[in-house]
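Engineer: turn this into a model:
(one chain, ligands or ions: 2)
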Amino acid sequence: MANPSTKKRVLSGMRSTGKLHLGNYVGALENWVRMQDEYECFFFIADWHALTTDYADTSRLKENSVDVLLDWLAAGLDPAKCVMFIQSHIPAHAELHLLLSMITPLGWLERVPTYKEQKENIKEKDLGTYGFLGYPVLQSADILIYKADVVPVGEDQVAHVELTREIARRFNSLYVPNRETFVTAVKIAIGQPPAVFPEPVALLTPAPRLPGTDGRKMSKSYGNAVMLTDPETVVRQKLKTMVTDPARVRRTDRGDPDVCPVGDLHKIFSTKETMAKVYEGCRSAGIGCIECKGWVADTVVKILNPMQERRKKYEDNPGLAWDILEAGSARAREVAGATMQEVRESMGLDYSSNYAGEKDSQQ
Ligand code: TRP
Ligand code: SF4
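Structural biologist: Ligands and ions are numbered 1, 2, ... in the order given. You can find the predicted model right below:
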């Protein structure tokens, strides 16, 4: 393994919304699993972010966080290769969020596209809160506190990473001259800009749009999702009811996999050979839709089986998952603590030298 310090640092998070589905897997998780070999990775469960919309009912918050973690481990995130933790276990995120909120103009937040969209779309909850407007500031704190180089995200999150870059730039330009001049001079001498926060780049996850059983984008809230924890019989049942090419009403009608959601699933999961059989059989009415759906179910079950076995190992021994979180939190706290020390120094908030022997009180 390469020296971790020479690897670029990746950070990403998922809100703790409970069990994950196939769309989450191909949209993000599968990519994270690949990245853990190449980068120094930090992945965390954003339980505070979940609160920005679900503050009124917190009864499942903890259970949801654990479910996300179990799905991560099931999918192949490996505690020997990446750091996993829960956001609220690292309170320094909240401290940085507060400090960044001081320098973030309201206009920047009101302009974030997800803010307006979600406020309009989610009518059943009152999102006119301070916390909801500040969602991307908290996300910026999540990213900047680890000085992440790369942030793998879906398209809807790119604007949040852009905002993070703007906040980083503003912070650096406001406070970096306050830092100890010697440190600054050395950094300039070795060609490093005297910045506290590097500007992270968003890495857009190349994710195919995964249709759910009703043909719309797979989403837990639409009730059209295949969960990573669904047993084989449930997977087969769900896929059996999936909508198909509307032109293929009878068995004798020809169809086209390119306009069929089942065809889309085949394109994502099936081998070239199966794909060829699907095109040929569908266009000639040589196969029936039930058969075709059976093939896609075979492939999906094959992907889910090893995940479910791994999940079971952790479910049977809950101590394992908590040990992983404990170790992950310790590592995260170490990095976040060091950044916060620099942040406080830069902002003139470092009182620790006046409290002899109590340096730790600010960590
Ligand atoms: N907002 C992200 C989402 O809904 C989750 C998230 C929180 C995140 N903090 C982050 C993603 C930091 C990347 C980096 O998917
Ligand atoms: Fe869709 Fe397969 Fe039926 Fe063709 S045969 S319409 S691809 S389900």
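
Engineer: avg pLDDT for stretch 354-363?
Structural biologist: Across stretch 354-363, the average pLDDT comes to 60.

Engineer: could you find the closest non-adjacent residue to the residue of the stretch 1-150 of the chain found nearest ligand 2?
Structural biologist: Nearest to ligand 2, among the residues of the stretch 1-150 of the chain, is Leu22, at 17.0 Å (Cβ to the nearest ligand atom). (Glycine included, C-beta is placed from N, CA and C.) Nearest residue to Leu22 in three dimensions, chain neighbours excluded: Val226, at 4.8 Å (Cβ to Cβ, 6 or more residues apart in numbering).

Engineer: number of nearby residues for the one you found?
Structural biologist: 23 (other Cβ atoms under 10 Å).

Engineer: how about the contacts made by Arg170?
Structural biologist: 103-104 (Cβ atoms under 8 Å, 6 or more residues apart in numbering).

Engineer: what does Asp156 give?
Structural biologist: Contacts of Asp156 (Cβ under 8 Å, 6+ apart): Thr114.

Engineer: from here on, call the first residue 402.
Structural biologist: Understood, numbering begins at 402; the last thing we discussed is Asp557.

Engineer: pLDDT on the longest helix seen in the chain, on average?
Structural biologist: Criterion DSSP state H: the longest helix present in the chain is helix 719-748. Mean per-residue pLDDT for helix 719-748: 96.

Engineer: likewise for stretch 666-675?
Structural biologist: Taken as a whole, stretch 666-675 carries a mean pLDDT of 96.

Engineer: contact partners for the spatially closest residue to Val697 that is not a sequence neighbour?
Structural biologist: Closest residue to Val697 apart from its sequence neighbours, by Cβ to Cβ, 6+ apart: Leu666 at 4.9 Å. Listed by Cβ under 8 Å, 6+ apart, the contact set of Leu666 reads 611-612, 640, 643, 697, 701.

Engineer: and Gly656, by the same measure?
Structural biologist: So Gly656 contacts 645-646, 648-649, 683-684, 686, 690 (Cβ under 8 Å, 6+ apart).

Engineer: show the buried residues in those residues.
Structural biologist: 645-646, 649, 683, 690 (16 or more other Cβ atoms under 10 Å).

Engineer: so which of those comes closest to ligand 1?
Structural biologist: Closest to ligand 1, out of all of the buried ones among the contacts of Gly656 and judged by Cβ to the nearest ligand atom, is Thr645, at 30.9 Å.

Engineer: tell me who's in contact with whichever residue of the stretch 652-764 of the chain sits closest to ligand 1.
Structural biologist: Nearest residue of the stretch 652-764 of the chain to ligand 1: Ala733, at 12.7 Å (Cβ to the nearest ligand atom). Residues in contact with Ala733, defined by Cβ under 8 Å, 6+ apart, are 443, 445, 484, 486, 490-491, 547.

Engineer: run through those and flag the ones next to ligand 1.
Structural biologist: The residues of these that also fall near ligand 1, by Cβ under 6 Å from any ligand atom, amount to none at all.

Engineer: could you dump those to JSON lines with pLDDT, distance to ligand 2 and neighbour count?
Structural biologist: Converted to JSON lines, the contacts of Ala733 look like this (pLDDT from 0 to 100; distance: Cβ to the nearest ligand atom, whole Å; neighbours: other Cβ atoms under 10 Å):
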{"residue": "Phe443", "pLDDT": "98", "distance to ligand 2": "40", "neighbour count": "24"}
{"residue": "Phe445", "pLDDT": "98", "distance to ligand 2": "39", "neighbour count": "29"}
{"residue": "Val484", "pLDDT": "98", "distance to ligand 2": "42", "neighbour count": "22"}
{"residue": "Phe486", "pLDDT": "98", "distance to ligand 2": "42", "neighbour count": "24"}
{"residue": "His490", "pLDDT": "98", "distance to ligand 2": "45", "neighbour count": "18"}
{"residue": "Ile491", "pLDDT": "98", "distance to ligand 2": "46", "neighbour count": "22"}
{"residue": "Tyr547", "pLDDT": "98", "distance to ligand 2": "44", "neighbour count": "23"}
